[in-house]
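[1] The following block contains a protein sequence and its predicted model.
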Amino acid sequence: MEAIRYYKPDELRQMTANRRQEFSVLFQKLKKKKPKNLDAIVHALHDEAFDQFDCLDCANCCSGISPIVTDKDAERLAKSQKMKTVDFINQYLYVDEDQDYVFQQTPCPFLMGDNYCCVYENRPRACREYPHTDRKRFYQILKLTHKNCEVCPVVYAITDELTKRDW
């Protein structure tokens, strides 16, 4: 895998748009074939990518998208802020069009100027799992992965590497 560099969100959106057809064909193939070794390949690419890329240099995810916040996440975050859950929800969250709690604002209200998260130990599950390139049954999240190419340089790089393989 080539060295992964930081891209601004606008750059990643444009790069992904330029390759939309190519990525769509790849993801359609993977969804149809469900290669048995897909998880192993993606997990190896994930590990290689994160050996060379530091999320603290980027924070595109924290500054540009809002994670789904579960009830458990809200309770944990409220406790960490010494707030009642209902007060935390009222101050920080809203229900989106999919009926999920998400943060009212981006960047994330807990993202600090140095790209550290001031609630890191208590962050939502969606943040813990992002960018989801190390999860099992990767073929199930291909649509999400395609969308995440626009946000995360690592997801873009992994997808780029997948296009180079003969599926």
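    Yep, it's here.

[2] Restrict stretch 46-53 to CA atoms and write it as CSV.
    Provided in CSV are the C-alpha atoms of stretch 46-53 (Å, rounded to 0.1, in the frame of the first residue of the first chain):
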residue,chain,number,x,y,z
HIS,A,46,-6.6,-1.9,7.8
ASP,A,47,-3.6,-2.9,10.0
GLU,A,48,-1.1,-1.8,7.4
ALA,A,49,-2.9,1.5,6.9
PHE,A,50,-3.1,2.3,10.6
ASP,A,51,0.6,1.4,11.1
GLN,A,52,1.4,4.5,9.0
PHE,A,53,-1.5,6.8,9.5
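
[3] Give the buried residues for it.
    Across stretch 46-53, burial judged by 16 or more other C-beta atoms under 10 Å covers H46, E48, A49, F53. All C-beta atoms are positioned from the backbone trio N, CA, C, and that covers glycine.

[4] Stretch 30-41 now?
    Neighbour counts using 16+ other C-beta under 10 Å place L30, L38 of stretch 30-41 among the buried residues.

[5] average pLDDT across it?
    Regarding stretch 30-41, the rounded mean pLDDT is 96.

[6] One more: stretch 45-57?
    Mean per-residue pLDDT for stretch 45-57: 96.

[7] May I see the buried residues of stretch 46-53 arranged in a markdown table, with distance to V69 and secondary structure as well?
    A markdown table is the format used below for those (distance: C-beta to C-beta, whole Å; DSSP: H, G, I helix; E, B strand; the rest coil):
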| residue | distance to V69 | secondary structure |
| --- | --- | --- |
| H46 | 24 | helix |
| E48 | 31 | helix |
| A49 | 26 | helix |
| F53 | 25 | coil |
